[in-house]
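Engineer: Just a sequence and a predicted model for now, questions to come.
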Amino acid sequence: MSALFAGKVLKANREEDELDTERELRGALDNKVLLLYFGSGQCPRCRDFAPLLKDFFQRLTDEFYVERSRQLVLVYVSRDETEEQQSAFLRSMPRRWLALPFGDTFGRELELRFAVSEVPAVVVLKPSGDVLVANAVEEIQRMGPKCFQNWQEAAEILDRNFRLAEDFDNHARRSLTHPLRRLKYKLDKDRDREEGEEEGEEDP
């Protein structure tokens, strides 16, 4: 997915940071479902939808709601009229959101590439860059975070979070039971030795 933004710059952490190297972009975008959110802080329909999208994103990525963040990333493609408007909007949204710099012409290229004709629009992409949902606004409004599972399965993403949790559980079980198994083995071995000594004493 980072290939889509190769040679580009993405703003992060409410525009306080920049991702501009291949390594940074790959770390932020690869093996994740990508949401391209086309919107504007001044558009009435966007103002109605933005709180829903914010809640949707937080419930899948914020540690307040989930033990580990889902493999989901969002890039805001602004139609704001001024840089100040874009900045003000992003300050009200999650810090994990990424954004194209204000005035970046690549935003228009993305609109044409994904046939975005109105806002709000949320284009859902697989890690390969293929389109999963051309515009997921209605799906997010109707299903909320539940629709992410469908996207994840359709994108055939390796569930890193599940694997991490599974590995941790297996390790925890081994850590807890291994000392017990060793103790039981030692007790059994001692008992067998004592029984052998008693039998030896009984023999004429």
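Structural biologist: Noted; the coordinates are in hand. Numbering: from 1, shown residues only.

Engineer: pLDDT below threshold where in the chain?
Structural biologist: Counting by pLDDT under 70, the chain contains low-confidence ranges at 158-204.

Engineer: how close does the most centrally placed residue in the chain sit to Asp17?
Structural biologist: Centroid-nearest residue in the chain: Gln71, 2.4 Å away (criterion: C-alpha atoms, centre = their mean). Distance from Gln71 to Asp17, counting by C-beta to C-beta, to the nearest Å: 21 Å. Just so you know, the C-beta spots here come from the backbone N, C-alpha and C atoms, and that holds for glycine as well.

Engineer: Same check on Arg45?
Structural biologist: In terms of C-beta to C-beta, Arg45 sits 30 Å off from Asp17.

Engineer: Is Met143 in a helix, a strand, or coil?
Structural biologist: helix (DSSP: H, G, I helix; E, B strand; the rest coil).

Engineer: can you start the count at 6 instead of 1 from here on
Structural biologist: Got it, first residue is 6 now, which makes that one Met148.

Engineer: Number of residues surrounding it?
Structural biologist: A count of nearby residues for Met148, using other C-beta atoms under 10 Å, gives 14.

Engineer: How about Tyr70: what's its closest non-neighbour residue?
Structural biologist: Distances taken as C-beta to C-beta, 6 or more residues apart in numbering put Arg64 closest to Tyr70, at 4.7 Å, once the chain neighbours are dropped.

Engineer: Wait, a helix at that neighbour?
Structural biologist: Yes. Assignment of Arg64 by three-state DSSP places it within a helix.

Engineer: Can you name the residues that contact it?
Structural biologist: Listed by C-beta atoms under 8 Å, 6 or more residues apart in numbering, the contact partners of Arg64 are 70-71, 149-150.

Engineer: Top of those residues by number of neighbours, please.
Structural biologist: Ranked by the number of neighbours (other C-beta under 10 Å), these place Pro150 first, at 18 neighbours.

Engineer: That residue and Val71, how far apart?
Structural biologist: Distance, Pro150 to Val71, by C-beta to C-beta: 9 Å.

Engineer: on that earlier part again, go ahead and confirm the residue nearest to the centre of the chain touches Trp156.
Structural biologist: No. Taking C-beta atoms under 8 Å as the definition, Gln76 is not a contact partner of Trp156, at 9.9 Å.

Engineer: Common neighbours of these two, please.
Structural biologist: Listed as contacting both Gln76 and Trp156 by C-beta under 8 Å, 6+ apart are Val38.

Engineer: Run through the strands of the chain in chain order.
Structural biologist: In the chain, the strands defined using DSSP state E lie at 15-17, 22-24, 38-44, 77-83, 103-104, 126-130, 136-138.
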